[in-house]
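**Student:** generate a structure from the sequence data that follows.
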Amino acid sequence: MKSYLSSKASEENKTKPKQFSTFTIDGRLYGIDVMKVQEVTKPLQVTHMQTAPGFIKGLINLRGQIATAIGLRELFGLKDDSTNEKMTVVCKIEDVLLSLLVDNIGDVIEVSDKSFEPTPQTVSPGIRSFMQGVYKTEEGILSVICMDSILKELDKRCA
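**Tutor:** The predicted structure is shown next:
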């Protein structure tokens, strides 16, 4: 009886729903694990850095904490839409504060592992390299961003 209960509990842990903070870029739905999102804000004043790669928009002061502002459109190789006021998703990864500029903020979505699929090969390589995979949801396809990949790219291009 005990082994049945413990295997049942481990099964439930495997199928525990995951939550993602969602946003759109170029009309496509993306998400980041809610545990990595510190906050969502309106656009903040950016101090531009002339020598930084194009996807780094500059630095922001978030109540005394300095965060690197990253334009996800530019990182993904998409056309800049400067007519659209960007929203900010602030994430903390390995003690690094990143401010991701996105088109619009969505909701927190809960998904099941059953609806997970690897990133399709039809996604452009400029975006695919920053994705963990996709989930099928009622709202459509949720593309999950891998924050560790963004941090590695930041390290690589700024070294």
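**Student:** quick one: low-confidence ranges for the chain?
**Tutor:** 1-15, 81-85, 159 (pLDDT under 70).
**Student:** 90 - rerun?
**Tutor:** Flagging of the chain using pLDDT under 90 yields the residue ranges 1-17, 42-44, 49-52, 54, 78-86, 93-95, 138-140, 154-159.
**Student:** where along it do the helices fall?
**Tutor:** Using DSSP state H, the helices assigned to the chain run over residues 2-14, 72-75, 125-128, 147-158.
**Student:** just checking the distance from the third one to the centre of its chain.
**Tutor:** Using CA atoms, centre = their mean, to the nearest Å, the mean C-alpha position of helix 125-128 is found 14 Å from that of the whole chain.
**Student:** over to the last one?
**Tutor:** Computed by CA atoms, centre = their mean, the chain-centroid distance of helix 147-158 equals 13 Å.
**Student:** could you list the buried residues of that helix?
**Tutor:** Within helix 147-158, the residues scored as buried using 16 or more other CB atoms under 10 Å are M147, I150, L151, E153, L154. Where you see a C-beta, it was placed from the backbone N, CA and C, and this is true even at glycine.
**Student:** same thing with stretch 23-32?
**Tutor:** So, applying 16+ other CB under 10 Å, buried residues of stretch 23-32: F23, I25, R28, L29, Y30, G31, I32.
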